[in-house]
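predicted model and sequence follow; I will ask about them next.
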Number of protein chains: 2
Amino acid sequence: MNKDAFFKLTYGLYILSSRDGGHFNGHISNTVFQVTADPPRLAVATHRDNLTTEFILRSKVFSVSVLEQDVDLEFLGPWGFKSGRDVNKFEKAKYKVGKSGAPIVLDKTIAWYECGLEQYFEVGTHIVFIGKVIDFDMVHADKKPLTYAYYRDVIKGISPEHSPTYPGKPEELKIAAGSVVSIPGGKNMQKYRCTICGFVYDPLEGDPPAGIPPGTAFEDIPDNWTCPVCGVTKADFVPLD
Amino acid sequence: MNKDAFFKLTYGLYILSSRDGGHFNGHISNTVFQVTADPPRLAVATHRDNLTTEFILRSKVFSVSVLEQDVDLEFLGPWGFKSGRDVNKFEKAKYKVGKSGAPIVLDKTIAWYECGLEQYFEVGTHIVFIGKVIDFDMVHADKKPLTYAYYRDVIKGISPEHSPTYPGKPEELKIAAGSVVSIPGGKNMQKYRCTICGFVYDPLEGDPPAGIPPGTAFEDIPDNWTCPVCGVTKADFVPLD
């Protein structure tokens, strides 16, 4: 039995959003399919512990935004790897409020569906929500949807721990081949990869928005620095081979 | 509201199979996702009227075979457009019988999962089955999975009526541009397209396995001829523009 067999399932990547009163939250989801055509209904699966799950159970509304292929880890990171318990993901987002009061993310979105919760089912660690589509639209008919395969193979992203497709602990993950280089002065230019979200720290680039100038070796970064994509500390980084 | 928005959802294409005693059946499905990672469980949606749905409800086992990209309509047709009430789809299929007794299709398969039914939910015209994966394997790690987008855009297939993504009646379908040609003798070489499965009858090729020689105009085909892919009669064909 080869566990990689599960990576042969094909998925898109979406932002699933909901509200609790006027408080909005959302996260990246790959587990969305249309169940019926007349009327259109969607099924989505989310982890019980996700804040968006709590919001859907309370407000009984949700939306699904189909992401376009042309996104990067910096855009996806906060939606996929940060919790709405720690940050307000809608603070800088482009979105609108739908008929049901559910937020609908429009950033990098090519189509969206707004749903009223009809039923839900508890399945182990996750909940499957069935939503009746009450509104929907196409935003960019000409753009390709982002697929999970593209996210893994081209963007080099990995699955967060609450994903149905979480592949296991970091030691099981295949780390992309990197390189050790040096710059004049002999500093260690080893790249490091975040085992949580896949972000690669490159000493040649540094992390200027966080005050880390280009040319800063990983070991010289202050210990209170956090991954710019998912927010974990240096302890969650490993050297690239 | 642009109904094409639903075509921005990303799917793979699978053969979903089950058994009733020693009688096997299966059909093409696009609605499959992994719900939980530990233990692995799959969710699949099927139309209530499908024979495979009846089989799953009776035997409480099913399997999902991930199809490879390199397939054609002639392979997909019987699995997607013919009913197991009319034909034995396993007669010529390459398959094995799994631990649960469920058939597992191996033709054009790159990975498969065998499931025991844990729960199911009635959702309008469809049923969502939740299966615990009891066995699985990779068959071809190096091959790409067939996606619904590839099926529509490259293979030029359409959705059968029982699919959750059935786009509506034939008059709403976009017919691919064809051409009218003539051969010596002035016979009408107009191509015709099956509105059910998308198969195109080309008079230059005929349908030799059914006794229709190359050069036979569509109107000269006997009325008892049926679509070689989905089995409907000439009445379901329309001229290509």
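On my side now, so go ahead.

is stretch A:6-13 anywhere near chain B?
Yes. Stretch A:6-13 is in contact with chain B by CB under 8 Å from any CB of the partner chain, via A:6, A:8-12. The way it works is simple: take the backbone N, C-alpha and C, and place the C-beta from them, glycine included.

contacting residues for the nearest residue to A:Tyr192 once chain neighbours are set aside?
Leaving out its chain neighbours, the residue that sits closest to A:Tyr192 by CB to CB, 6 or more residues apart in numbering or on different chains is A:Phe237, at 4.2 Å. By CB atoms under 8 Å, 6 or more residues apart in numbering or on different chains, A:Phe237 lies in contact with A:192-195, A:201, A:218, A:227.

any low-confidence regions in chain A?
By pLDDT under 70, the weakly predicted segments of chain A are A:166-187.

can you pull out the helices in chain A?
Taking DSSP state H as the criterion, chain A contains helices spanning A:51-59, A:73-81, A:148-153.

so which bits of the second one are buried?
Buried residues in helix A:73-81, counted by 16 or more other CB atoms under 10 Å in any protein chain shown: A:73, A:76-81.

buried residues, stretch A:155-164. List them.
For stretch A:155-164, by 16+ other CB under 10 Å, it's A:155, A:157-160, A:162-164.

any chance of the residues you listed in CSV with distance to chain B as columns?
Listed next are those as CSV, based on distance: CB to the nearest CB, whole Å:
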residue, distance to chain B
A:Ile155, 15
A:Gly157, 15
A:Ile158, 13
A:Ser159, 9
A:Pro160, 11
A:His162, 9
A:Ser163, 7
A:Pro164, 5
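
can you redo those as TSV with distance to B:Ile134?
TSV is the format used below for the buried residues of stretch A:155-164 (distance: CB to CB, whole Å):
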residue	distance to B:Ile134
A:Ile155	33
A:Gly157	30
A:Ile158	27
A:Ser159	23
A:Pro160	27
A:His162	24
A:Ser163	22
A:Pro164	17
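
find the centremost residue of chain A, please.
A:Gly80 (2.2 Å; CA atoms, centre = their mean).

burial check on the nearest residue to that one once chain neighbours are set aside, number of neighbours?
Once flanking residues are discounted, A:Gly80 sits nearest to A:Ile28: 3.8 Å by CB to CB, 6+ apart. By other CB atoms under 10 Å in any protein chain shown, 22 other residues sit near A:Ile28.

state the distance from A:Ile28 to B:Ile28.
Distance from A:Ile28 to B:Ile28, counting by CB to CB, to the nearest Å: 28 Å.

same check, this time on A:Leu73
Using CB to CB, A:Leu73 is found at 34 Å from B:Ile28.

same check on A:Asp153?
Taken as CB to CB, the span from A:Asp153 to B:Ile28 is 25 Å.

do the same with A:Leu67
Distance, A:Leu67 to B:Ile28, using CB to CB: 26 Å.

which ones are touching the residue nearest to A:Phe90 when sequence neighbours are not counted?
In space, and not counting its chain neighbours, A:Phe90 is closest to A:Phe24: 4.4 Å by CB to CB, 6+ apart. Contact analysis of A:Phe24 by CB under 8 Å, 6+ apart lists A:17-18, A:89-90, A:95, A:103.

and of the buried residues of stretch A:155-164, the nearest to A:Val232?
Comparing the buried residues of stretch A:155-164 against A:Val232 with CB to CB picks out A:Pro160 as the nearest, at 11.1 Å.

which residues touch that closest one?
Contact analysis of A:Pro160 by CB under 8 Å, 6+ apart lists A:28, A:80-81, A:166, A:196-197, A:230.

and if you look at A:His126?
Residues near A:His126 by CB under 8 Å, 6+ apart: A:45-48, A:164, B:35-36.

buried ones only from those, please, as a PyMOL command.
Selecting only the buried entries of these in PyMOL, with 16+ other CB under 10 Å as the criterion:
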select buried, (chain A and resi 45+46+47+164) or (chain B and resi 35+36)
